[in-house]
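S.K.: Compute the structure for the input listed below.
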Amino acid sequence: MEDDEIQEVKKYAEDKEKMMEFVQKEGIALEFASKELQDDKDLVMAAVKNDGGALEFASDRLKADKDVLLEAVTVKGWVLCYASDELKDDKDVVLKAANSDGQILYYASQRLRDDKDVVLAAVSNKAIILKYASQRLRADKDVALAALKQSKKSLSYIADELKGDEEIQNIINPPAEG
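M.R.: Numbering: from 1, shown residues only. You can find the predicted model right below:
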């Protein structure tokens, strides 16, 4: 937003109706809403539907609201970083975020870093994030194959005992076509 736009938005920090207009055009305008409006679920939902990154400016109460989080991570998966610890351990929220941005595995709870569905979704679109998966899943052949198919750079995060596997070797060093 330009400085003159920001000044205009700030004039209406307490006005829900005007702030609604602003956040529907540019979600991050939520930053300039009053603390009270940053805690208004309707306004925050409108903001995160427009720009998931607006979640940064929502109240802590709404960062812990599953509906708000599901909406925000649908738009931008990485905003899971703003979620409450409880929602970083909610499989629905984390899986939805992982489907759009594998990087979120970094923010997921330890329990979900050991959840095969979540890890598969994450490594399928950001292979090197495998380094944040549990040791158990770094040794899981399905997870290793999904990561390697996305990027061979993930090889260094796969458990050593899998590196000699024939299927894994065929991805790393494809057989010569005869």
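S.K.: Least confident secondary structure element in this protein?
M.R.: Ranked by mean pLDDT, DSSP states H and E, the weakest helix or strand in the chain is helix 3-11, scoring a mean of 87.
S.K.: Touching that one from outside, list them.
M.R.: Outside of helix 3-11, the residues within contact range by Cβ atoms under 8 Å, 6 or more residues apart in numbering are 1, 19, 22, 29, 32. Backbone N, C-alpha and C define where each C-beta goes, glycine included.
S.K.: what about 7 Å?
M.R.: 22, 29, 32 (Cβ atoms under 7 Å, 6 or more residues apart in numbering).
S.K.: Over to stretch 110-125?
M.R.: Residues contacting stretch 110-125 (Cβ under 7 Å, 6+ apart): 89, 91, 94-95, 98-99, 102, 104-105, 108, 129-130, 132-134, 136-137, 140, 142-143, 146-147, 150, 154.
S.K.: What residues of that stretch count as buried?
M.R.: Within stretch 110-125, the residues scored as buried using 16 or more other Cβ atoms under 10 Å are 112-113, 115, 118-125.
S.K.: so how far is that stretch off the chain centroid?
M.R.: Offset of stretch 110-125 from its chain centre (Cα atoms, centre = their mean, to the nearest Å): 12 Å.
S.K.: same deal with stretch 118-133?
M.R.: Here stretch 118-133 is found 12 Å from its chain centre; the criterion is Cα atoms, centre = their mean.
S.K.: Start and end of that stretch, how far apart?
M.R.: One end of stretch 118-133 to the other measures 9 Å (Cα to Cα, to the nearest Å).
S.K.: before we move on, the earlier item: so which of the contacts of helix 3-11 comes closest to residue 59?
M.R.: residue 32 (14.5 Å; Cβ to Cβ).
S.K.: how close does that closest one get to residue 100?
M.R.: Distance, residue 32 to residue 100, using Cβ to Cβ, to the nearest Å: 27 Å.
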